[in-house]
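> Fold the stuff below for me.
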Amino acid sequence: MKKIFIAATKQNDGKTTVSLGLICNFQKKFKRVAFIKPIGQRYLEEDGLKIDEDSVLIEKVCGIHSGLKDMSPIAVEKGFTEKYISRPDKKSISNRIRQSYRRVARRQQLVIIEGTGHAGVGSVFDHSNAYVARLLGAKAIIISSGGVGRPIDEIMLNKALFEKEGVKVLGVIVNKILPDKFDRISRMVRKGLERKGLKVLGVIPYNPMMARPTVGQILDEAGYELLFGQDYIENPISRIIVGAMKPEDAVRYITDGCFLITPGDREDVIVAALGCFKDADKQKLKISGLVLTGDITPFPSVMNLLSKSSIPVLWAKEDTYTVTAAIHDLTVKIRPRDEVKVSTAIKLIKDHVDLKSILKGI
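Here you go, the predicted model:
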């Protein structure tokens, strides 16, 4: 049975995109492909169990049914680390991971193992990504993002920890390269890493659509109240603006797909934003959605306009700055219903990653 551990230099480098893309592309070659994320930091509640959200994504999109709890044996919930430090039990965690892996891998031809964060994440409870890769006997692929110097520095740092655990690094995938710099960075990063004895398995261009949240994601992550527009919450967001200026100035910043953050008492800005229709098609708004801040709702007449606008309208108790900061820091993840992102991830891996070299290496 073939297996590979997908690692990264830090969170949000693209492990989920790569794992999803590899599985869907390898399913064309292998009939039985499995997935496991031994340790997860972002989890959902599924049938009373805490399951890493990537395992839920893979199960639903790729049709892998190995049992969600086995696909996500360890969920690092609040207080997990403190409890472990007070009463460490390395053997128990290792056994849970091994037992889940055995069940997931039974009668499979290929298993994709997804790590969490950089190679050292999990060291606090004696299960770094490097240690887990060794525990499961897998070679590793390291993913990094952008640039030349920083990725190489970070990759070498992570490689050292894998090697310390006796884990062979199969190669590297460099993700999120800006299109106008793609050729130069691809050439330089390949040359720089080959000098270090590392094979570059892929260089993937940055696709801005993959980083764009939907209104629904903001609603799910931030927990604001939805006032209107349930049917439109999957609107993608291309730009976020704060409407804290004169209406005539605010509309200059409104572009297709923008999301407006404005205090609930700025009726002038809200009405101006509602007037931003495309001339050719008045059913298609430039605004993807908006959030009213400050625990304030507009006058009833404006609320009536919002209810008829086909714009998802959220309402937040927090002030404008707090809401803006929270949305700015939002981690955009692929969800099962994000069909365009799923298909884009699969194509990015197919077009820009050397799948044959990965199979040869494992």
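
> Can you tell me how far A211 is from D126?
Distance of A211 to D126, given as C-beta to C-beta, to the nearest Å: 34 Å. For every residue, glycine as well, the C-beta is placed using N, CA and C.

> More neighbours: these two, which one.
Neighbour tally, A211 and D126, criterion other C-beta atoms under 10 Å: the higher count belongs to D126, 14 against 11.

> Test my guess that the more buried one contacts I93.
Yes - using C-beta atoms under 8 Å, D126 is in contact with I93, at 7.4 Å.

> Quick check: which ranges of the chain have low pLDDT?
44-48, 277-285 (pLDDT under 70).

> so V18 makes contact with F5?
No - in this structure V18 lies outside contact range of F5 using C-beta under 8 Å: 11.5 Å.

> hey, what's in contact with both of those two?
Here V18 and F5 have I141 as joint contacts, going by C-beta atoms under 8 Å, 6 or more residues apart in numbering.

> how about the residue nearest to C24 when sequence neighbours are not counted, secondary structure?
Counting by C-beta to C-beta, 6 or more residues apart in numbering, C24 lies nearest to I346, which is 4.6 Å off, once chain neighbours are set aside. Of the three states, I346 takes helix under DSSP: H, G, I helix; E, B strand; the rest coil.

> ok, which stretches of the stretch 1-150 of the chain are helices?
All helices of the stretch 1-150 of the chain, identified by DSSP state H, counting those that start in this stretch, fall at 15-26, 53-62, 68-71, 80-86, 90-105, 129-135, 149-164.

> what's in contact with the fifth one?
If I follow you right, that is helix 90-105. 1, 3, 34-36, 38-39, 66-67, 69-71, 73-74, 111, 113, 125-127, 132, 135-136.

> Report the contact partners of F182.
By C-beta under 8 Å, 6+ apart, the neighbours of F182 are V203, P205.

> burial of the residue nearest to C24, as a residue count?
I346 has 20 neighbouring residues, counting by other C-beta under 10 Å.

> Am I right that it is in contact with N25?
Yes - with contacts counted by C-beta under 8 Å, I346 reaches N25, the gap being 6.5 Å.

> Mutual contacts of these two, please.
Common contacts of I346 and N25 (C-beta under 8 Å, 6+ apart): none found.

> To V271, which of the helices of the stretch 1-150 of the chain lies closest?
With C-beta to C-beta as the measure, helix 53-62 is the member of these nearest V271 (38.2 Å).

> Quick one: end-to-end length of stretch 38-58, please.
14 Å (C-alpha to C-alpha, to the nearest Å).

> So which bits of it are buried?
38-41, 43-44, 50-58 (16 or more other C-beta atoms under 10 Å).

> now do stretch 142-150
I142, I143, S144, S145, G146, G147, V148.

> what's near enough to touch the spatially closest residue to the second one that is not a sequence neighbour?
Think I143. Here the nearest residue to I143 in space, its sequence neighbours aside, is A8; by C-beta to C-beta, 6+ apart that works out to 4.4 Å. Listed by C-beta under 8 Å, 6+ apart, the contact set of A8 reads G14, K15, G115, G117, H118, I142, I143, S144, N158.

> The second one: how many residues sit nearby?
Applying other C-beta under 10 Å, we find 23 residues neighbouring K15.

> same thing with the fourth one?
Counted with other C-beta under 10 Å, the neighbours of G117 add up to 19.

> now the third one
Applying other C-beta under 10 Å, we find 27 other residues in the vicinity of G115.

> what's the answer for the first one, then?
The burial count assigned to G14 is 23, neighbours taken as other C-beta under 10 Å.

> Neighbours of the residue lying closest to it once chain neighbours are set aside, how many?
Once flanking residues are discounted, G14 sits nearest to N175: 4.0 Å by C-beta to C-beta, 6+ apart. Per other C-beta under 10 Å, the neighbour tally for N175 reads 26.

> shift numbering so it begins at 431
Will do, 431 is the new start, and the previous item becomes N605.

> doesn't N605 fall inside a helix?
No - secondary structure of N605 (three-state DSSP): strand, not part of a helix.

> Which strand residues bridge it?
S575 (DSSP bridges).

> Endpoint to endpoint, stretch 600-614 covers what distance?
24 Å.

> One more: stretch 673-680?
End-to-end for stretch 673-680, by C-alpha to C-alpha: 6 Å.

> and if you look at stretch 565-583?
Note: stretch 565-583 ends 26 Å apart using C-alpha to C-alpha.

> just stretch 435-455 next, same as before
16 Å.

> and that stretch, how far out from the chain's middle?
What separates the centre of stretch 435-455 from the centre of its chain is 9 Å, taken as C-alpha atoms, centre = their mean, to the nearest Å.

> Nice, that's everything, thank you.
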